[in-house]
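Colleague: Predicted coordinates and the sequence they were generated for:
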Amino acid sequence: MTSKIKITFLGTADQIPSKSRNHTAILLNYNEENILFDCGEGTQRQFRKADLNPCKLTRILISHWHGDHVLGIPGLLQTLASSGYGKVLHIYGPRGIKLKLEKTFEIFGTKKELNVEIHEIHEGVFVDEEEFFIQATKTFHGLPGLAYSFVKKGLVRIDREKLKKMKIPEGKHLQNLKEMKDITLDGKKYEWKDLTYKEEDKKITVILDTLHDKSLEKFSEKSDVLVCESFFDDELKEKAEEHLHLTCVQAAEIAKKSHSKKLILTHISQRYECDHKKILDEAKAVFKESFVVKDLDSMEI
């Protein structure tokens, strides 16, 4: 049985929080990794509401340095410091993020109490582990910004049912199967491909504040889940462009042209607070598998 990816939407508001929506924050969990995409004001309280422990965080990925996406960082770090956080916290973001975070640490005095490593990154893969990698591409919001993809690698897995059926015992020899090597037991040869299966990659893409650009379609290609800002409906396309944001239709077009499987609409203007039907209907007209999330919604893939 393989581990699943869990996504929890801690905050889904626009730049001003509402009674029902907190500032942007998205938590991705995979095995021991707990990766936070942005950290708007109030994020640590959203952790508590979701019955999640912020001390399990391993990485924070910052899309851009606007208050509604980063003002939760000082409070979150103070909580980690006060709670005996013992891991290395890796924080990633676009050009200029290191200086901004260093000044934040200086003001609030938290860095000396935490082991924090800051990484200014560019386009491409910036984390590459055995079972997953994370990559970035630039966004278009008037200042340095990034969109991110988390990709769980499609690894070779041993088919335990076939082992049982062929009466092949457990042991170190099974490591060869994972390395796509045949094994020989009691003089009998077993081909690795007959005892294993290959998982498909699983891809989660997160696109926050940005203008529409074709490069985002290529970056999102074949995402299992595309999480995308959807600030305005299509009637306000000019206003969206003026404010350097996406409409729900543009988000749906990115999902459709990238051949993504599911589109999650978030970071929605509070003008739609009481009724998201217009946003959702317009997106579904372009891309059927479109959904609007609310705070503390979660999903697994």
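Modeller: That came through fine. Numbering: from 1, shown residues only.

Colleague: C-alpha only now, for contacts and for neighbours.
Modeller: OK.

Colleague: does the nearest residue to T205 once chain neighbours are set aside count as helix, strand or coil?
Modeller: Spatial nearest neighbour of T205, excluding adjacent residues (CA to CA, 6 or more residues apart in numbering): S149 at 4.2 Å. Under DSSP: H, G, I helix; E, B strand; the rest coil, S149 falls in the strand class.

Colleague: quick one: S149 and S223, what's the gap?
Modeller: Noted for S149: a distance of 8 Å to S223, by CA to CA, to the nearest Å.

Colleague: hey, what's in contact with both of those two?
Modeller: Shared contacts of S149 and S223 (CA atoms under 8 Å, 6 or more residues apart in numbering): 203-205.

Colleague: Would you confirm that the residue nearest to T205 contacts I134?
Modeller: Yes - because the distance of 5.6 Å satisfies CA atoms under 8 Å, S149 is recorded as touching I134.

Colleague: Compare the two and say which one has the larger neighbour count.
Modeller: Using other CA atoms under 10 Å as the criterion, S149 and I134 rank with S149 on top: 23 against 18.

Colleague: by contact count, what packs against the helix ranked longest in the chain?
Modeller: Determined from DSSP state H, the single longest helix within the chain is helix 97-108. With contacts taken as 3 or more CA pairs under 8 Å, 6 or more residues apart in numbering; DSSP states H and E, helix 97-108 sits against helix 73-82, strand 115-120.

Colleague: Next, the buried residues of it.
Modeller: The neighbour-count check on helix 97-108 (16 or more other CA atoms under 10 Å) flags 97-98, 101, 104-105 as buried.

Colleague: One more: stretch 267-279?
Modeller: Neighbour counts using 16+ other CA under 10 Å place 267-270, 276, 279 of stretch 267-279 among the buried residues.

Colleague: Output those residues in JSON lines; the columns should cover distance to D295, pLDDT and secondary structure.
Modeller: Converted to JSON lines, the buried residues of stretch 267-279 look like this (distance: CA to CA, whole Å; pLDDT from 0 to 100; DSSP: H, G, I helix; E, B strand; the rest coil):
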{"residue": "H267", "distance to D295": "11", "pLDDT": "95", "secondary structure": "coil"}
{"residue": "I268", "distance to D295": "12", "pLDDT": "91", "secondary structure": "coil"}
{"residue": "S269", "distance to D295": "14", "pLDDT": "88", "secondary structure": "coil"}
{"residue": "Q270", "distance to D295": "13", "pLDDT": "87", "secondary structure": "helix"}
{"residue": "H276", "distance to D295": "14", "pLDDT": "86", "secondary structure": "coil"}
{"residue": "I279", "distance to D295": "17", "pLDDT": "94", "secondary structure": "helix"}
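
Colleague: Can you report how many residues neighbour H245?
Modeller: Residues near H245, counting by other CA under 10 Å, number 24.

Colleague: My guess is it contacts D209. True?
Modeller: Yes - if you go by CA under 8 Å, H245 and D209 touch, sitting 5.7 Å apart.

Colleague: Mutual contacts of the two, please.
Modeller: 141, 229.

Colleague: Using CSV, lay out the helices and strands packed on helix 97-108 together with mean pLDDT, mean neighbour count and distance to I183.
Modeller: Listed next are the helices and strands packed on helix 97-108 as CSV, based on pLDDT from 0 to 100; neighbours: other CA atoms under 10 Å; distance: least, CA to CA, whole Å:
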stretch, mean pLDDT, mean neighbour count, distance to I183
helix 73-82, 93, 18, 48
strand 115-120, 95, 15, 43
